[in-house]
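> give the three-dimensional model of this entry:
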Amino acid sequence: MTAQPTAARPASAGRILRRLLDALYLAAGMLAALSLLALLVVIVAVMAARWLGLQFGGGTEYASYLLASSSFLALALALRRGAHIRVGLLLAALGSRRRWGELWCWAIGSALGCYFAWYSVAMVRWSYKLHDVSQGQDATPLWIPQLAMAAGAVIFAIAMLDGLVSLLLTGSAGVQEGEESQREI
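Take a look at the predicted model:
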């Protein structure tokens, strides 16, 4: 009787981890969508201010910050949903060695994702320590908008590592095959 619960534990722990990771990617995607909505509001406010002859200090900078945050926060969800362009033709040309090609791609992507996440977090830390502010009229402390970019980079690195580990353990990276994933080079 004790063998059955121990065999069920890894599977249920794996399912719980899968749900947590998918929830993390979805939450980051939802924050990216909210950033896009906020970007729309800022752009409309800047346009309205210009039409009315008013000054909207830092509007362009805030739009840039929101665009960067929406882009980086959406990376992990886009990866898991198969919306990134893949190198399918090259992998298909490998034939029976395709699995090794996929492992190589996921390993290199994971290493680059971790490298970028590490230095994104370091950039936020240094901006905070140096009290770095934007050069625009708003003089926003730069660590605040950089935080969203670093969070997106860290979540993307987690998604890349998730895909690599999934490929190693199950033979599939867990990327959804949809219409978007058919755009291969």
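
> the helix or strand where W104 lies: what's the following helix or strand?
Applying DSSP states H and E as the criterion places W104 in helix 98-129. Following helix 98-129 in sequence order, the next helix or strand is helix 143-170 (DSSP H and E).

> list the contacts of the spatially most central residue of the chain.
Centroid-nearest residue in the chain: L75, 2.9 Å away (criterion: Cα atoms, centre = their mean). L75 is in contact with 152-153, 155-156, 159, counting by Cβ atoms under 8 Å, 6 or more residues apart in numbering. C-betas here are computed from N, CA, C, even on glycine.

> now it: phi and psi?
phi -60, psi -50 (degrees, to the nearest 10).

> now do it against A23, distance only.
Per Cβ to Cβ, to the nearest Å, L75 is found 16 Å from A23.

> mind checking how far the closest residue to G101 other than its chain neighbours is from W106?
Excluding the flanking residues, the one nearest G101 by Cβ to Cβ, 6 or more residues apart in numbering is L94, at 4.5 Å. For L94, the distance to W106 equals 14 Å [Cβ to Cβ].

> which one's more surrounded, these two?
Taking other Cβ atoms under 10 Å, L94 and W106 do not tie; W106 has more neighbours (22 against 13).

> just checking, what packs against the lowest-mean-pLDDT helix or strand in the chain?
Ranking every helix and strand in the chain by mean pLDDT, DSSP states H and E puts helix 88-93 at the bottom, with a mean of 78. Counting contacts by 3 or more Cβ pairs under 8 Å, 6 or more residues apart in numbering; DSSP states H and E, helix 88-93 is packed against helix 98-129.

> which helix is the longest one in this structure?
Longest helix in the chain by number of residues (criterion: DSSP state H): helix 3-51.

> that one - what's its average pLDDT?
If you average the pLDDT over helix 3-51, you get 87.

> quick one: that helix to helix 143-170, angle?
Inter-element angle recorded for helix 3-51 and helix 143-170: 150 degrees (by axes from the mean of the first three to the mean of the last three Cα atoms, to 10 degrees).
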